[in-house]
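Novice: fold the following and give me the result.
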Amino acid sequence: MCRNIHTLHNFEPAASSDEVQAAALQYVRKIAGTTKPSKANQEAFDRAVAEIAHATQHLLDDLVTTAPPKNRDEEAAKARARAVASGRYQVA
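Specialist: The predicted structure follows:
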């Protein structure tokens, strides 16, 4: 379930609010053990996603690094190459 949470720090351009929201949603889904909460739990679920997204954005805003920003396309290509090399995926 958490495979969709990716590193968001030190990319150019910076992580968008949609990316932060998606990471928070995946985290709450993992912790809650469900992708779709019941109606009784929907408000708590939504509140947790909002609070985690808020905290995540603050964290990203406050982190500092001396490393040059990473390129999203290059990092994605590296990840695909690692997946192919591991034998998890075949080259199309």
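
Novice: mind listing residues that contact the host helix or strand of Arg47?
Specialist: Using DSSP states H and E, Arg47 maps to helix 42-62. For helix 42-62, contacts defined as Cβ atoms under 8 Å, 6 or more residues apart in numbering pick out 8-9, 14-15, 17, 20-21, 23-25, 27-28, 31-32, 37. Yep, even glycine has a C-beta here, placed from its N, CA and C like the rest.

Novice: so which bits of whichever helix or strand comes after it are buried?
Specialist: Downstream of helix 42-62, the first helix or strand assigned by DSSP H and E is helix 72-86. Judged by neighbour count (16 or more other Cβ atoms under 10 Å), helix 72-86 contains no buried residues.

Novice: am I right that Ala15 sits in a helix?
Specialist: No. Looking at Ala15 with DSSP: H, G, I helix; E, B strand; the rest coil, it is coil, so not inside a helix.

Novice: residue contacts, it?
Specialist: Listed by Cβ under 8 Å, 6+ apart, the contact set of Ala15 reads Leu8, His9, Leu60.

Novice: make a markdown table out of those and add neighbour count, distance to Val49 and pLDDT.
Specialist: Shown next, in a markdown table, are the contacts of Ala15 (neighbours: other Cβ atoms under 10 Å; distance: Cβ to Cβ, whole Å; pLDDT from 0 to 100):
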| residue | neighbour count | distance to Val49 | pLDDT |
| --- | --- | --- | --- |
| Leu8 | 18 | 15 | 92 |
| His9 | 15 | 20 | 93 |
| Leu60 | 16 | 16 | 96 |
